[in-house]
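Trainee: 3D, please:
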Amino acid sequence: MLRRRMLAMMMALLSSWPATGWPAEPLFSPSCRQSIAPQRCELMRQGQLTCSDLPLEYQRECQQLFTPPLNCSRSRDDRWCKALQQAQQNCDAQRGEARRICIRERLPAPDCSRAAVPERCRQRVEAEQACGERYGAEYRECVAKAMR
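Mentor: As a prediction, this is how the structure comes out:
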């Protein structure tokens, strides 16, 4: 009986303490607070707010670009990943195209100094910036045309 009581007290104490070290409530929107995975829900919500004004066929690709990963330590470029998370938070008041522009302004340019052919890398970065508001096949064609 005493063991059950102690276990119940420990569980109550631990459930009120944020396990991640982050404050439990302010980070999440009201719709994500009751979710099983509130952090992931919030990241998906941010990606959806960024791409909600695009046609359906482009929303998935846009969300892949603008939804920050849950953990930047597994990201290929953790500097860019952390900048995307911060940009999403800074641009939270905006929606659609204005939000995408706000986020792009806050993202760092790729580091071409470590590329095998730095000049080609810089050319690709310029082409991607010029074609930034296109998605899918239209985006790929635009980048390929700019790279020639």
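
Trainee: helices of this protein, start to end?
Mentor: Counting by DSSP state H, one finds helices in the chain at the ranges 2-16, 30-33, 38-51, 56-66, 78-90, 96-106, 118-130, 136-147.

Trainee: just give me the neighbour total for C102.
Mentor: Counted by other CB atoms under 10 Å, the residues lying close to C102 total 17. C-beta coordinates here come from the backbone N, C-alpha and C atoms, glycine included.

Trainee: for it, which non-adjacent residue is spatially closest?
Mentor: C91 (3.8 Å; CB to CB, 6 or more residues apart in numbering).

Trainee: number of residues surrounding the one you found?
Mentor: 21.

Trainee: do I have it right that it meets E97?
Mentor: No. At 11.6 Å, C91 and E97 do not qualify as touching, with contact defined as CB atoms under 8 Å.

Trainee: now do the contacts for the residue sitting nearest the centre point of the chain.
Mentor: With distances taken as CA atoms, centre = their mean, P68 lies nearest the centre of the chain, 1.8 Å away. Residues near P68 by CB atoms under 8 Å, 6 or more residues apart in numbering: 43, 46-47, 81, 84-85, 88.

Trainee: change it to 6 Å
Mentor: 43, 84-85, 88 (CB atoms under 6 Å, 6 or more residues apart in numbering).
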